[in-house]
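*Asks:* okay, here's the prediction I keep looking at, along with the sequence it came from:
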Protein chains: 2
Amino acid sequence: MDKLIHNGTLVVMDDAFTILTSGAVAIQDGIIRKVWSPRPGEPLPEADAVVDAGGGLIMPGLVNAHIHLPMSLFRGMADDLSLDQWLNEHIFPAEAAHISPRNVGIGARLSLAEMLLSGTTTCCDGYFLESFVAPAAKESGIRAVLGQGVIDFPAPGVPHPGENIAHAAAFVKDWQAQTSNIQPSIFCHSPYTCSDSTLRKAKATATELGVLFQIHVAETAVEADQCRQKNGCSPVQHLHRLGILDEHSLLIHAIWVDAEDIDIIAHTGAGVVHCPESNMKLASGIAPVPVFIRAGIACGLGTDGCASNNDLSLFGEMRTAALLHKVGQMDPTALDAATTLKMATTEGARALGMAHTIGSLEVGKQADIILVDVDTPHMVPLYHPASHLVYAASGSDVRHVFIGGRWVVRNGILQTMDLDSILSEARALGRVIAGPS
Amino acid sequence: MDKLIHNGTLVVMDDAFTILTSGAVAIQDGIIRKVWSPRPGEPLPEADAVVDAGGGLIMPGLVNAHIHLPMSLFRGMADDLSLDQWLNEHIFPAEAAHISPRNVGIGARLSLAEMLLSGTTTCCDGYFLESFVAPAAKESGIRAVLGQGVIDFPAPGVPHPGENIAHAAAFVKDWQAQTSNIQPSIFCHSPYTCSDSTLRKAKATATELGVLFQIHVAETAVEADQCRQKNGCSPVQHLHRLGILDEHSLLIHAIWVDAEDIDIIAHTGAGVVHCPESNMKLASGIAPVPVFIRAGIACGLGTDGCASNNDLSLFGEMRTAALLHKVGQMDPTALDAATTLKMATTEGARALGMAHTIGSLEVGKQADIILVDVDTPHMVPLYHPASHLVYAASGSDVRHVFIGGRWVVRNGILQTMDLDSILSEARALGRVIAGPS
């Protein structure tokens, strides 16, 4: 074997929600080959690297199913504002002034470092200038779905909106031509910023190229109202009538949805991404996540861009999700710890169309594995691992991260990128963005 | 000077919300003596210990205004249950079986370690067997208000409810007789578990002894309904009619309150503690915090006991509070970062009657100071310190903690207690509580 991880509690994330105390995982060629509880005294298989989990938790890496990687540059630049003020007076002007090929790389590396250090092993991004984001993602070692943005306005890297789909297609083909940890994708910004024709063509292109189609939808009440006025139906129904919902479509936010919308999502097999912290921070509303789950919809968890969160830890996001739906429904059983943990692992993988390769510690899957320390006051005593992972752990408890068997974070230290230079570059750029004080 | 802290950004938490980049604080005899921005090249005053903040944030220690210290023993023991099931099938039986003089000390030390390491320098506790909690708090160095529980049922340490007030009074007198970091208090569990006579006598005793009177109130809709049926008024109005609301009364939760209740709280000067994570986890509801603040009510922030949270970091609690009220009111301006930071510092201090001694970095106040690291991806770039402290920081970013000038956490290492033995003892007790598996 290449690597052996042992002496920890395995949170397998299989259908039976198996927990193996004193478990072990053996890895070869980046793939999980064996998952078991060694008997006391049982000789362990030989491996090039043996990792002692020190009694900690061993679990699948987390899946951040929605992010805008470069937006960490705008972390905390503007908060506590109406969506309109936030976007029009702060985010859009900052993007117009500062989003460049060089700067998306700086922001992406910052986000990637934060995510890897906090246990995220797969992310699904949507932004512009993705051909400059992709090298950063490749270098970091993360497993990434990168969606090139499509919007019917001039955008960074695509000054002529008429070229937006061709531009996205070129990005997809470029990254499909090479073997890497990157899966290209097409990301339509929303039904209100893309014409029906753009939406149809973008989806047709994604289908033709065999990649994921992503879209923000039903994020605000205003969007839903305007769609009803313009199209006579809800945003989800509008997308459905355009014929662009299927199991390779990812619906981001999906807050303002009714029973018919939920039926449509369930029957078409489209995935959903829930972004609770962003939805709370922008006062967008509360997505009916427990209903999605009961309907069998693949519902993953995302941080959204850092500017509306303002961190990228999925541990915090899990806790927020589990707490939010309890008070949202006035029912403490509305979203339990195990279900929340699935959203951040297996269900996120399913929503991205990657359920067969990642999301659980099962033989044959990619060795995307994280080790979570439990030698801290906030993780003691330990009765139920799922409870601690959702309600008590934080990103800083992640000790080791493996992606496809590659040791990406070792003892809390990022192995694939130079953190000091990432922080220096981002700080320097932050001073430029802030302007003269 | 005894200590000098310099080379960081000072978040002063004064009325003007002053931020001093490249600030310094000088401490003598446990008191803040000077707070300023040294000019470049200005010689710094001599001090026995000089602490370089390394460009991080220097701010007042956080105030956890409501906790049940020993309940960390039950962290994650039972989650995602109705309040009734959770209390009656899990928490009450576990308390009956395991709350002893020895065990409250073990749980308290665990909670205290977690709080100190995550930047809490003052806590307000309410539980039973407080005479066995107090030595742990004293040893830890935390500034603590410790409320001996009063309830009209047999309780740990008070098998005969008729003796509950005498027992609390004895605890108060005992700790008033010594000089320490402990302020004793009386904690009535709630209006529905204490008779009117008990409530009146407990308040009279607290007043006579000059200590804080704490009580859970209006936590659930059921409680509010039952109070209306029994007393013909809301729980807050009931307490007011009993004459027990004044500026030395602390109302915990205060979720199910109406406009008249809020008027009463404002006019009597009683303080409020908001516990958002616990209120969400138990699906109790959303307290009208922005209304409290507009009414001038001192509204602090608390984690509540660990069994309904499940961690004790006030950084997470701040983020949850700021996000919850935005979505709760569908208004992204409902509770901003600076106001949330005040809840965890100056307003918490005010609710506890300690506004003159703690809560801000002002000359003459106790040197309760924490240093927060910003050399991590999730704290870069840094545009507005308050934003990062509320929306991005976590307890693990706390590097140094001083309480009354005493260096309690140094480079992330607890100085006053032996963390390894705290964790071992709590783990061993956790195995007993879990029972045979």
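*Replies:* Cool, got the structure. A quick note: this is a predicted structure, and the numbers were derived from the prediction, not measured. Residues are numbered from 1 along each chain as shown, chains lettered A, B, ... in the order given.
*Asks:* residue A:240 and residue A:270, how far apart?
*Replies:* Distance of residue A:240 to residue A:270, computed by Cβ to Cβ, to the nearest Å: 9 Å. C-beta coordinates here come from the backbone N, C-alpha and C atoms, glycine included.
*Asks:* so which of the two has more stuff around it?
*Replies:* Each of residue A:240 and residue A:270 has its neighbours counted (other Cβ atoms under 10 Å in any protein chain shown); residue A:270 has more, 26 against 22.
*Asks:* tell me if I'm right that that one and residue A:245 touch.
*Replies:* Yes - at 4.7 Å, residue A:270 counts as touching residue A:245 under the criterion of Cβ atoms under 8 Å.
*Asks:* quick one: common contacting residues for these two?
*Replies:* residue A:251 (Cβ atoms under 8 Å, 6 or more residues apart in numbering or on different chains).
*Asks:* beyond the lowest-mean-pLDDT helix or strand in chain A, next helix or strand please.
*Replies:* The weakest-scoring helix or strand in chain A, judged by mean pLDDT, DSSP states H and E, is helix A:83-85 (a mean of 85). Remark: after helix A:83-85, the chain's next helix or strand is helix A:92-98, criterion DSSP states H and E.
*Asks:* run through the neighbouring helices and strands of the next helix or strand along the chain from that following helix.
*Replies:* Using DSSP H and E, the helix or strand that directly follows helix A:92-98 along the chain is helix A:101-117. Contacts defined by 3 or more Cβ pairs under 8 Å, 6 or more residues apart in numbering or on different chains; DSSP states H and E place helix A:101-117 against strand A:62-67, strand A:120-127, helix A:130-140, strand A:398-403, strand A:406-410, strand A:413-414, helix A:419-434.
*Asks:* given the second one, what are its sheet partners and their directions?
*Replies:* The strands that strand A:120-127 pairs with in its sheet are strand A:62-67 (parallel), strand A:143-150 (parallel) (by DSSP bridges).
*Asks:* any idea which of those strands is most buried?
*Replies:* strand A:62-67 (a mean of 30; mean count of other Cβ atoms under 10 Å in any protein chain shown).
*Asks:* let's have the strands paired with strand A:120-127 in JSON lines, adding mean pLDDT.
*Replies:* Shown next, in JSON lines, are these (pLDDT from 0 to 100):
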{"stretch": "strand A:62-67", "mean pLDDT": "98"}
{"stretch": "strand A:143-150", "mean pLDDT": "98"}
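*Asks:* show me what contacts the spatially most central residue of chain A?
*Replies:* Centroid-nearest residue in chain A: residue A:64, 1.7 Å away (criterion: Cα atoms, centre = their mean). With contact set as Cβ under 8 Å, 6+ apart, residue A:64 has these partners: A:115, A:120, A:122, A:123, A:124, A:301, A:302, A:303, A:312, A:314, A:348.
*Asks:* spell out which parts of the stretch 51-200 of chain A neighbour chain B.
*Replies:* A:72-73, A:75-77, A:79-83, A:86, A:110-111, A:113-114, A:117-118 (Cβ under 8 Å from any Cβ of the partner chain).
*Asks:* apply 10 Å and report the result again.
*Replies:* A:55, A:72-86, A:107, A:109-118 (Cβ under 10 Å from any Cβ of the partner chain).
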